[in-house]
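Engineer: Pasting the sequence and the predicted model now:
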Amino acid sequence: MLIGQILKNMRLSAGLSQVKLAKKLNMADTTISSYERENSQPDFDTIVKISKICGYEILFIDKNKNLLTIDEMREERDY
């Protein structure tokens, strides 16, 4: 599954239109549409913001197979 479809599924599961999500992100709804149609790619920070707005959390698996949140990963890696 491509990132655009994942973003669309998150948005729809949160009951948000492209317009409502765009307002929360302070961007144009055409930008959201472009992400979902894979015409452009959001940067990582935008993906994180979208996931939080939609009620999702991005998790990472470290080399020891531990699940880490973004904040935990940043602390561990000093990002």
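Structural biologist: That came through fine. Numbers count the residues shown, from 1 in each chain.
Engineer: So which residue is dead centre in the protein?
Structural biologist: Closest residue to the average C-alpha location of the chain: residue 47 at 2.7 Å, with Cα atoms, centre = their mean.
Engineer: List every C-alpha atom in the worst-scoring helix or strand of the chain on mean pLDDT, with coordinates, as PDB.
Structural biologist: Here the helix or strand of the chain ranked lowest by mean pLDDT, DSSP states H and E is helix 70-77, holding a mean of 78. Only the C-alpha atoms of helix 70-77 are listed here, as PDB (Å, rounded to 0.1, in the frame of the first residue of the first chain):
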ATOM      1  CA  ILE A  70       8.400   8.700  17.600                       C
ATOM      2  CA  ASP A  71       9.200  10.500  20.900                       C
ATOM      3  CA  GLU A  72      11.000   7.500  22.300                       C
ATOM      4  CA  MET A  73      12.900   7.000  19.100                       C
ATOM      5  CA  ARG A  74      14.000  10.600  19.100                       C
ATOM      6  CA  GLU A  75      15.200  10.400  22.700                       C
ATOM      7  CA  GLU A  76      17.100   7.200  22.000                       C
ATOM      8  CA  ARG A  77      18.700   8.500  18.800                       C
END
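Engineer: List the contacts of that helix.
Structural biologist: Helix 70-77 is contacted from outside by 48, 57-58, 60, 62, 68, 79, using Cβ atoms under 8 Å, 6 or more residues apart in numbering. The way it works is simple: take the backbone N, C-alpha and C, and place the C-beta from them, glycine included.
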